[in-house]
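# Below are the sequence and a predicted model for it; my questions follow.
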Amino acid sequence: MRARWLGAFTLLSLFSAGLLFGWAERHSVAQDKNGPNEKEVRQAVVDLVNAFNEGDAKKVAASFAVNAEYIDDDTTRIEGRAEIEKMYKKFFDENKGAKVQITLQGVRKITDTVALEDGEAVVTVVDKATQSTQGFALVMSKFDGKWLIASFREFPQTQNPVPPSERLASLDWLLGDWIDEGADSVVTFSTKWSKDKNYLLRDYTVKYKGKESLTGWQRIGVDPLTGQIKGWSFDSDSGNGETIWTKHGDEWIVKATGVTSDGDYASATHLIKIINKDRVQWKVMHRIVGDQLEPDSEMYLVRKPAIK
């Protein structure tokens, strides 16, 4: 059986940033004039969304009844608002960036103060390269004039892989032609999608004092073994290398390792900052070739204007 916080994954993801609602009305359900107002019941869920988007576990837990229960797809039960708050707190600390699209299938009256809602959620976690589809059921109860979640139950989920093109979309700023001109050298590179959009393909050229000194190409994709964004590169001097790309705020940290044409091991850390859509700061630090520590370097790449 999974740990409880893992069982909470789908519930918590349901109310993550970027939530989209797809309301599918069940017209066959009669609405008694004294029965629950669908808008009011759904507003309770909207309030929960807003609280979750603030990342406030206490506020989120306040959307549940004091004695609420949560049952995951392994039938693990979490009881009470206080425990639910702990569950959310752990989730906020350990999981970020989940997105979801959900469909609620209407409100069913049980009594004037009890209603049922069920639906389906498609949860995408880009950083973990996963997408899951899962059904859920809510029991909503009215306490002192306010609707709260009294019970949440999730059903077994199915896992769907996130297409590589979606994982790589955050690197689409690389697309196009770029150039950096120094006193003696010129660096250019061009990036495009592969035909199947599973990779970004990057060609580069280095000229020194007007003469071409190095060319190469890089293929950037998603490593199916680790789920990381990874690059594989080869140059005209028979050198080769690998890079692992990690987004950190508005910057990219790229860890590079490889082998030079002389057979020396090489490694470096690249720090890439997107200044705007046409200008990028690119730093290379902690560069080691063989047993030598090389000096850090910095360049500013600018986008070459399109040829009309």
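On my side now, so go ahead.

# give me the low-pLDDT residue ranges for the stretch 151-300 of the chain?
158-161 (pLDDT under 70).

# Next up, the contacts around residue 247.
Residue 247 makes contact with 170, 253, according to CB atoms under 8 Å, 6 or more residues apart in numbering. To be clear about C-beta, it is placed using only N, CA and C from the backbone, and glycine gets the same treatment.

# and it, that's in a helix?
No - Residue 247 is assigned strand when assessed by DSSP: H, G, I helix; E, B strand; the rest coil, not a helix.

# Run through the bridge partners of it.
Judged by DSSP bridges, the bridge partners of residue 247 are residue 252.

# and the gap between it and residue 46?
From residue 247 across to residue 46, the span is 30 Å (CB to CB, to the nearest Å).

# same question, residue 263
62 Å.

# The two: who's more crowded?
residue 46 (14 against 9; other CB atoms under 10 Å).

# before we move on, which element is the more buried one in?
helix 38-53 (DSSP states H and E).

# quick check: domain ranges of the chain?
According to automatic domain parsing, the chain is divided into the following domains: 4-162, 166-303.

# for those domains, which one ends up most surrounded?
domain 4-162 (a mean of 17; mean count of other CB atoms under 10 Å).

# Run a quick check on residue 147 versus residue 41, I expect a contact.
Yes - using CB atoms under 8 Å, residue 147 is in contact with residue 41, at 5.2 Å.

# so what's in contact with these two at the same time?
In contact with both residue 147 and residue 41: 115, 140, using CB under 8 Å, 6+ apart.

# can you map out the helices along the stretch 1-150 of the chain?
For the stretch 1-150 of the chain, helices defined by DSSP state H, counting those that start in this stretch occupy the ranges 4-7, 9-14, 38-53, 57-61, 81-94.

# among these, which is nearest residue 178?
Proximity to residue 178, assessed across the helices of the stretch 1-150 of the chain by CB to CB, is greatest for helix 38-53 (35.5 Å).

# could you check the angle helix 81-94 makes with that closest one?
If you take axes from the mean of the first three to the mean of the last three CA atoms, to 10 degrees, helix 38-53 sits at 50 degrees to helix 81-94.

# Which elements pack onto helix 38-53?
Contacts defined by 3 or more CB pairs under 8 Å, 6 or more residues apart in numbering; DSSP states H and E place helix 38-53 against helix 57-61, strand 98-111, strand 114-125, strand 130-143, strand 146-154.

# rerun that using 6 Å as the cut-off
The contact analysis (3 or more CB pairs under 6 Å, 6 or more residues apart in numbering; DSSP states H and E) places helix 38-53 against helix 57-61, strand 146-154.

# Who does the helix or strand hosting residue 266 pair with, and is each partner parallel or antiparallel?
Assigned by DSSP H and E, residue 266 belongs to strand 265-276. Using DSSP bridges, the strands paired with strand 265-276 are strand 251-259 (antiparallel), strand 279-289 (antiparallel).

# Dump those to JSON lines, plus distance to residue 303.
Converted to JSON lines, the strands paired with strand 265-276 look like this (distance: least, CB to CB, whole Å):
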{"stretch": "strand 251-259", "distance to residue 303": "17"}
{"stretch": "strand 279-289", "distance to residue 303": "7"}
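
# Out of those strands, which is closest to residue 240?
Comparing these against residue 240 with CB to CB, the closest turns out to be strand 251-259 (5.8 Å).

# mind checking how far the closest one is from the chain centre?
20 Å (CA atoms, centre = their mean, to the nearest Å).

# Name the surrounding residues that touch that strand.
Residues outside strand 251-259 that contact it (CB atoms under 6 Å, 6 or more residues apart in numbering) are 240-246, 266-270, 272-273.

# between these, which is nearest residue 136?
residue 246 (32.2 Å).

# show me what contacts the closest one?
Contacts here follow CB under 6 Å, 6+ apart; on that basis residue 246 touches residue 253.

# Equivalent analysis for residue 77, please.
Residues near residue 77 by CB under 6 Å, 6+ apart: 69, 71.

# now do the one 4 residues further on
Under the criterion of CB under 6 Å, 6+ apart, the contact partners of residue 81 comprise 61, 64, 66.
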